[in-house]
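# Below is the structure, and that's it, no one-letter string:
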C-alpha cells in the first residue's frame, strides 16, 4: 500500500472511523461505481454489515450513492471528502460537549 494510503488510513483511524468504514472507502477509491455486494467482497466486510457501513460513510460525506438498481457507490475525492468529514466530526464533538455541560 502506498505511503499516501497509509497516512490516510492512520488519519481516519485517529478520528475514530472503524476498520470496516476505512476498508469500504479504500475499496471505492481503488474502483469506481461498485454495488454493496462488490464492496463487501473487495473489502472483506460481511454482507450483514455492509449496508450499515455504507450508510455511515455516506453520512460522513465519503461516498456518493447512485439510486440505480442495485444501488452503486462511488468514492468522493479525498481532498473534498476529508474536509466534509472533519467538519462533521467537529460538529459531533461540539454536540457531545454541550451534552456533557
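Perfect, thanks for sending it. On a predicted model such as this, the values are computed, not experimentally measured, just so you know.

# which stretch of helix or strand covers residue 70?
Following DSSP states H and E, one finds residue 70 outside all helices and strands.

# correct me, but it touches residue 34?
No: applying Cβ atoms under 8 Å, one finds residue 70 not in contact with residue 34, separated by 10.0 Å. (Glycine included, C-beta is placed from N, CA and C.)

# Just the residues contacting the biggest helix by length in the chain, thanks.
Ranked by number of residues, the top helix in the chain under DSSP state H is helix 78-100. Contact with helix 78-100 is made by 8, 11, 15, 16, 29, 59, 60, 61, 62, 75, 76, as judged by Cβ atoms under 8 Å, 6 or more residues apart in numbering.

# make it 6 Å
Residues outside helix 78-100 that contact it (Cβ atoms under 6 Å, 6 or more residues apart in numbering) are 15, 60, 61, 62.

# Tell me which residues touch residue 15, please.
Residue 15 makes contacts with residue 89, as judged by Cβ under 6 Å, 6+ apart.

# Quick one: residues contacting the closest residue to residue 73 other than its chain neighbours.
Ranked by Cβ to Cβ, 6 or more residues apart in numbering and with sequence neighbours excluded, the top spatial neighbour of residue 73 is residue 63, at 5.0 Å. Residues near residue 63 by Cβ under 6 Å, 6+ apart: 28, 57, 73, 75.
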